[in-house]
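Peer 1: Just need the structure, nothing else, for what follows:
(chains A and B, ligands or ions: 1)
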Amino acid sequence: MEILLNGDREQVAAGTSLLGLLEGLELNPEVVTVSVNGRSVAGQDLASTYLQEGDRVDVLLFMGGGF
Amino acid sequence: MAFSPEQLERYSRHILLREVGGKGQQKLLQSRVLVVGAGGLGSPVSYYLAAAGVGTIGIVDNDRVDLSNLQRQILHSTPEVGQPKVESAARTLTALNPDVKINTYATRLSPDNVQEIIAGYDLVVDGVDNFPTRFLLNDACVMAKKPLVEAGILRWDGMVMTIQPGVGPCYRCVFPAPPPAGAIPSCQEAGVIGAIAGVIGVLQATEAIKLLLGVGQTLTGRILTFDALATRFREVAVKPNPNCPVCGENPLITELQEYELACDIRGNLRKD
Ligand SMILES: [Zn+2]
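Peer 2: Residues are numbered from 1 along each chain as shown, chains lettered A, B, ... in the order given. Here you go, the predicted model:
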């Protein structure tokens, strides 16, 4: 199925969780926040939240620096 | 209050704009903005706000100028290495525009002083270099209903969002809690392209000026990210989070709290 990942169309297998998506992207879940259709998903819910066809998923990096 | 001939000339390119005009320029001259951090972001932010004639600018920073700052912190120059950043900042900004009153706070924001400091300003711009202060500032601004222009930079990336408490989401609506200590390279070891601080800081200054003038559409409910390697901006729409610990329906945070300052890098962005 197709989702919109960071603004780009992306094919993912049905039944993929957000945690699975991050693992596929080789991203450490501790350093990002994931927003699905404009709502941010809590870290403890990443494994139990499954992607739906057409979801708009944005992965935002924590950026703490004003340096 | 009438403009002096010098002011008419200095601000003529503002006054020419329909959205600013003489009225808007007067508004800017009477505005008060607090810039937290006189570093990479705080430099371009306060530089442009001073140039724009924002009448009172508060600068909070507890550090001294280090030679390694000068790759990006354009408020400070080589002879000022070793000087307190707030003093160096005040000299630079006053030289640029003597119209502007600079209030300096050579201190670190803490739950004990943040409310008192932000109370005297119309809006706050976040240019801090660490997560604990970032979350503290968000919480304090939400509680005081003070607009906050939030931004962060790291390596080749940056992000900006404008927080108008009660109108749109806050920082915690998107990032509910600080990352685990040490998971994020948030200090000097991580590296950053100096010009990114300029790109993102100037966006913050633009947002601040729009908020003060009450014109246009701000980045309220939108996060703008910038990937400098790809030269790509991306906009992420974000909604207020009903479970937000500070501005949600049942806020868990009703008192300001301070997090541990963790600067060491143990984790990494990508799992190696
Ligand atoms: Zn919130």
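Peer 1: where does B:V54 fall, helix, sheet strand or coil?
Peer 2: coil (DSSP: H, G, I helix; E, B strand; the rest coil).
Peer 1: ok so B:G166 is a helix residue?
Peer 2: No - under three-state DSSP, B:G166 sits outside any helix and is assigned coil.
Peer 1: ok, it touching B:K146?
Peer 2: No - applying CB atoms under 8 Å, one finds B:G166 not in contact with B:K146, separated by 10.7 Å. From N, CA and C alone the C-beta is placed, and that goes for glycine too.
Peer 1: Could you find the closest non-adjacent residue to the residue of the stretch 51-200 of chain B found nearest chain A?
Peer 2: When scored by CB to the nearest CB, the stretch 51-200 of chain B has B:G152 as its residue closest to chain A, at 3.1 Å. The shortest distance from B:G152 to any non-neighbouring residue, by CB to CB, 6 or more residues apart in numbering or on different chains, is to A:M63 (3.1 Å).
Peer 1: Also A:V59?
Peer 2: In this structure, A:V59 finds its nearest non-sequential neighbour in A:V32, 5.2 Å apart by CB to CB, 6+ apart.
Peer 1: where does the one you found land on pLDDT?
Peer 2: Predicted confidence (pLDDT) for A:V32: 89.
Peer 1: Can you get me a residue count around it?
Peer 2: For A:V32, the tally of surrounding residues (other CB atoms under 10 Å in any protein chain shown) stands at 21.
Peer 1: I figured it hits A:M63, correct?
Peer 2: No - proximity of A:V32 to A:M63 does not meet the contact threshold set by CB under 8 Å, at 10.5 Å.
Peer 1: Helix, strand or coil: sort out the closest residue to the ion within the stretch 1-150 of chain B for me.
Peer 2: Closest to the ion within the stretch 1-150 of chain B is B:V142: 6.4 Å, counting by CB to the ion. With three-state DSSP as the basis, B:V142 sits in helix.
Peer 1: Am I right that B:V160 falls within a helix?
Peer 2: No - read with three-state DSSP, B:V160 is strand and lies in no helix.
Peer 1: from memory B:P245 sits against B:P251, does it?
Peer 2: Yes - with contacts counted by CB under 8 Å, B:P245 reaches B:P251, the gap being 6.2 Å.
Peer 1: So those two - more neighbours on which side?
Peer 2: The residue with more neighbours, out of B:P245 and B:P251, is B:P245; 18 against 15, by other CB under 10 Å.
Peer 1: In three-state terms, label the more buried one for me.
Peer 2: With three-state DSSP as the basis, the three-state label of B:P245 is coil.
Peer 1: tell me which parts of chain A are close to chain B?
Peer 2: A:6-7, A:26-28, A:30-31, A:33, A:35, A:38-40, A:42-43, A:58, A:60-67 (CB under 8 Å from any CB of the partner chain).
Peer 1: are any of the residues you listed buried, and which?
Peer 2: With neighbours counted by 16 or more other CB atoms under 10 Å in any protein chain shown, the residues of chain A next to chain B contain buried members at A:6, A:27-28, A:31, A:33, A:35, A:38-40, A:43, A:58, A:60-67.
Peer 1: lowest-confidence helix or strand of chain A?
Peer 2: strand A:39-41 (a mean of 90; mean pLDDT, DSSP states H and E).
Peer 1: which helices and strands does that one pack with?
Peer 2: When contacts are defined as 3 or more CB pairs under 8 Å, 6 or more residues apart in numbering or on different chains; DSSP states H and E, strand A:39-41 packs onto strand A:32-36.
Peer 1: which residues touch the residue nearest to B:G152?
Peer 2: B:152-154, B:157-159 (CB atoms under 8 Å, 6 or more residues apart in numbering or on different chains).
Peer 1: export the residues you listed to JSON lines and tack on distance to B:N113, pLDDT and neighbour count?
Peer 2: Formatted as JSON lines, the contacts of A:M63 follow (distance: CB to CB, whole Å; pLDDT from 0 to 100; neighbours: other CB atoms under 10 Å in any protein chain shown):
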{"residue": "B:G152", "distance to B:N113": "22", "pLDDT": "94", "neighbour count": "29"}
{"residue": "B:I153", "distance to B:N113": "25", "pLDDT": "93", "neighbour count": "31"}
{"residue": "B:L154", "distance to B:N113": "27", "pLDDT": "89", "neighbour count": "23"}
{"residue": "B:D157", "distance to B:N113": "31", "pLDDT": "92", "neighbour count": "21"}
{"residue": "B:G158", "distance to B:N113": "28", "pLDDT": "95", "neighbour count": "29"}
{"residue": "B:M159", "distance to B:N113": "27", "pLDDT": "96", "neighbour count": "23"}
